[in-house]
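Structure, please.
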Amino acid sequence: MTTLSGKLDPLLADPRFETLKRTAMSFNTLHIRSFNENRHSEMLAWLLDPNEAHGLGDRFLRRLLLKCLNAKSESGEIHKGLKGVSASDLQAYSMSQALVFNEVDISRNGRIDILVVEPSLGIVVAIENKYGAGETGNQLERYQTWIEKTFPDYSQVFIVLDAYDRVSCPAPWVGLPYDWVADFLDTVVSYQELHPRIAFMLKDYLSYIKEEEYDEWNQYQHDLLVELYEKHRDILTNDDVRPELLRHLFEEYDWETLGQSEWTATGGQSEIWIVHRYWSVFAALMCIHRLEPVKRELLNLDKDGKVEVYGRYLSYLPSKVCGQGFESDKGWALYFNIVIEKDEEDEVERLEPKLCFRFRRADENLERLRQIARYYGKDNYKSSGNFKFEPLKEDGLPALCERIQTHVDELAKRMTEARASQRHT
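Here you go, the predicted model:
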């Protein structure tokens, strides 16, 4: 039997809850189903096809080939397949005749993720799309052999697209991260000529590939959460209500109560339904009382640091990291995250700190960030990575935050070493 019956009414009647509820109902359409490597390939093939309904023509294909050309020219080497095809050619000639295929079966040699054939310009493009998967055997060599045999008179372009920046690959393959895809979509989603439904889908895809962490709470919404929590603190910290909310949110559904054939005003079924329906709002409210004091204590110890709280997460940019080149319009590239986790053994909530590396945000400081990540064993050059420290056990908030500062001091040493190494090289 639930103890929530009637106890949430003041909270549910608050207009701020209604605002946050509407926010919680927003979603990314691509989260509805698993968006794996094959789904990404289908989306990219659709964008590459000049004659598809997206209305972008050959812009995406043109951008890909220009990016490929630039990637090689920066290293001083011209891609074999692009000999005879210049940037001016790619800019001047239409590629509207291009045929685009995905999952091309080349018999025992495997399947090419995306194949583009442009007969009017005599260009063939083979794309191996890596979104979380690694190379299998000598697949690139097999694909290349098939292309060279099948299209001997075409300019042949071989591309590996890697969402996690592991773009080193054997010649003549060109390795490209997904950054250019995000940059392209950033540019075109505001095009007035795009159909609203197409723009909506492209915005969702852009959001999906930009970050691995999808946190819908912005500062305005967080401030609303804090206000809502402070207003209804007595309810949310009540010895009967709080454990019940935590149980429904993070442990198990109350199937027995929900399954009763008749819902009564005193049975609590409506409250349980509301908690499950607006899970993200209640989960965030349950975390406010833990994370807001941590935020205040961190800023007390590090007055020039930056702290943001979103839902169950607290992000902390120490002052020793500020001004070191790891902040940009894209966000923080190096920072701490503190998340509330529950210890499975003694069922006590712990604060779990982790150091976050966001390589796509590092820009010109990418190599230095990679050197720091290498020390923490995160040197696989993914678009993002996290190094988890030991969970902080409950022994007083000042002690918790002081231990976080020891991790900050260690990080500061690694930043100094990386800077010195960069100057030396």
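
pLDDT weak spots in the stretch 251-400 of the chain?
For the stretch 251-400 of the chain, residues meeting the criterion pLDDT under 70 lie at 251-268, 310-312, 330, 341-349, 378-384, 392-396.

where do the strands sit along it?
For the stretch 251-400 of the chain, strands defined by DSSP state E, counting those that start in this stretch occupy the ranges 306-310, 313-317, 327-328, 331-332, 334-342, 349-358, 384-388.

possible to save those as a markdown table with distance to residue 145?
Using the backbone N, CA and C atoms, a C-beta is placed for each residue, glycine as well. Formatted as a markdown table, those follow (distance: least, CB to CB, whole Å):
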| stretch | distance to residue 145 |
| --- | --- |
| strand 306-310 | 49 |
| strand 313-317 | 48 |
| strand 327-328 | 42 |
| strand 331-332 | 42 |
| strand 334-342 | 42 |
| strand 349-358 | 37 |
| strand 384-388 | 35 |
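
In the stretch 51-200 of the chain, what residue spans correspond to strands?
Using DSSP E, counting those that start in this stretch, strands in the stretch 51-200 of the chain cover 99-105, 111-118, 123-130, 155-162, 174-177.

mind listing what's buried in the first one?
Neighbour-count burial for strand 99-105, with 16 or more other CB atoms under 10 Å as criterion, is recorded at 100, 102.

next one: that strand to chain centre, how far?
Centroid separation for strand 99-105 versus its chain: 28 Å, with CA atoms, centre = their mean, to the nearest Å.

quick one: strands adjacent to it?
Note on strand 99-105: by DSSP bridges, its sheet partners are strand 111-118 (antiparallel).

between the strand it pairs with and strand 123-130, how many degrees?
Using axes from the mean of the first three to the mean of the last three CA atoms, to 10 degrees, the inter-axis angle of strand 111-118 relative to strand 123-130 is 150 degrees.

quick one, what contacts the nearest residue to residue 283 once chain neighbours are set aside?
In space, and not counting its chain neighbours, residue 283 is closest to residue 249: 5.3 Å by CB to CB, 6 or more residues apart in numbering. Taking CB atoms under 8 Å, 6 or more residues apart in numbering, we find residue 249 in contact with 275, 279, 282-283, 286.

Among those, the buried ones, what's the ChimeraX command?
Entered in ChimeraX, the line below selects the buried ones among the contacts of residue 249, by 16+ other CB under 10 Å:
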select :275,282,283,286
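
can I get the contacts of residue 249 in CSV with distance to residue 46?
Formatted as CSV, those follow (distance: CB to CB, whole Å):
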residue, distance to residue 46
275, 39
279, 33
282, 38
283, 35
286, 41
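
Pick the one among the contacts of residue 249 closest to residue 52.
Distance to residue 52 across these (CB to CB) is lowest for residue 279, with 36.9 Å.
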